[in-house]
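>>> For reference, the sequence and a predicted model appear below.
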Amino acid sequence: MNPELMEKLAEEIQKVGFKTGQIQGILFPQSTCDIWDQIYNFQAREDDILVATFPKAGTTWMQEIVDLIMLNGDVERSMRAPCFVKVPFIEINPRPLPSVESANAMKSPRLLKTHLPIQLVPPSFWEKNVKVIYVARNAKDCMVSYYHFQRMNKSLPDPGTWEEYFSAYLAGNVPWGSWFDHVIGWWKARDKQQILYVFYEDMIEDPKREIRKVSTFLDKDLTEEVLDTICHHTSFDSMKDNPMANYSVLPSFVFDHSISPFMRKGKVGDWMNHFLVEQNIIFDEEYKKRMEGSRLSFRNKL
């Protein structure tokens with residue numbers, strides 16, 4: 001990224017800092033709240049593809065998979081730009097990073113990204129019957145990953161201690177709100193809209209199976225060779241070494257990889273290295289209460 005762009009980004013990060021606001025009682029970066037009308041009135045197109053997740057549930061992984069599916073496995077073309085340039089994050093607003101404005105200027109078909117809970121998604125996505133791929137990750141691993149992400153992401157609030165963050169996350173007092181409300185809301189909508197609901201743990205278990213599922217959903221008939229290419233290029237090790245996917249092109253005043261790398265572990269069950277016994281008991285009690293009746297189940301380990 002050029003120096004002028006970096007300077008503008010630095011000014012914006014320093015100006016916005018870690019200020020937050022609320023939309024319908026949900027915590028968001030203040031910069032998102034400042035342009036909420038523009039975000040909510042975003043005009044989707046019929047051939048858009050939207051990757052939706054709660055933060056740290058495999059968003060970048062799925063972005064790269066979908067991009068390669070759309071490119072029929074052309075790895076060279078997939079390296080054309082950093083992931084955050086290729087795939088506008090529609091509700092983020094740390095200018096000059098791509099968001100609504102850059103999405104509006106993109107040619108179709110567009111690949112877009114959101115962390116919005118279902119009730120806040122711009123209505124045009126449903127009016128245009130856009131295909132959405134929602135990735136859900138088990139709450140415990142999501143919490144751990146989000147904690148470390150907030151530590152290194154200078155445009156989000158400092159998460160405080162692990163103990164403080166544990167309580168905040170469980171109560172939904174983190175940017176983009178409650179994990180419980182998020183995954184359940186999207187789950188309930190999956191049969192009403194064109195939503196493919198994918199589980200992170202399934203992607204870890206058998207990536208080729210899940211990539212094939214996504215390609216079928218997108219009406220792309222890919223050969224086994226192309227599927228293998230996508231599997232290899234979107235493996236954790238490949239993406240961790242890929243500057244177009246690992247956010248290493250961003251300066252440390254935005255993402256400080258010395259605190260925690262953006263791509264940290266990519267495993268199922270890392271929560272066991274963080275949760276105290278008493279925290280696990282508290283979490284499981286809240287989980288049972290919040291998930292009751294949803295018919296939605298996750299695997300916390302493989």
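Received, thanks.

>>> Contacts only, for the most centrally placed residue in the chain.
The residue lying closest to the centre of the chain (CA atoms, centre = their mean) is residue 59, at 3.4 Å. By CB atoms under 8 Å, 6 or more residues apart in numbering, residue 59 lies in contact with 51, 53, 113, 115, 135. Any C-beta I mention is one placed from the backbone N, CA and C, and that applies to glycine too.

>>> Can you say which of those are buried?
Among the contacts of residue 59, those classed as buried by 16 or more other CB atoms under 10 Å are 51, 53, 113, 115, 135.

>>> The second one contacts residue 145, correct?
So that's residue 53. No: assessed by CB atoms under 8 Å, residue 53 is found out of contact with residue 145, at 11.4 Å.

>>> coming back round to it: just send the buried ones among the contacts of residue 59 back as CSV, with pLDDT and distance to residue 292 too.
Rendered in CSV, the data for the buried ones among the contacts of residue 59 read as follows (pLDDT from 0 to 100; distance: CB to CB, whole Å):
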residue, pLDDT, distance to residue 292
51, 98, 29
53, 98, 23
113, 95, 31
115, 96, 25
135, 98, 23
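
>>> Counting only helices, which of the residues you listed make the cut?
Judged by DSSP state H, the buried ones among the contacts of residue 59 include no members of helices.

>>> Which one of the residues you listed is nearest to residue 121?
Using CB to CB, residue 115 is the member of these that sits closest to residue 121, with 10.5 Å.

>>> who touches that closest one in this structure?
52, 53, 54, 55, 59, 89, 91, 176 are the contacts of residue 115 under CB under 8 Å, 6+ apart.

>>> how deep is the first one tucked in, by neighbour count?
Just to be clear, that refers to residue 52. By other CB atoms under 10 Å, the residues close to residue 52 number 25.

>>> Bridged to it, which residues?
According to DSSP bridges, the partner residues bridging residue 52 are residue 114, residue 134.

>>> That one and residue 120 touch, don't they?
No: counting by CB under 8 Å, residue 52 stays clear of residue 120, with 10.9 Å between them.

>>> Would you mind measuring from residue 270 to residue 288?
Using CB to CB, to the nearest Å, residue 270 is found at 22 Å from residue 288.
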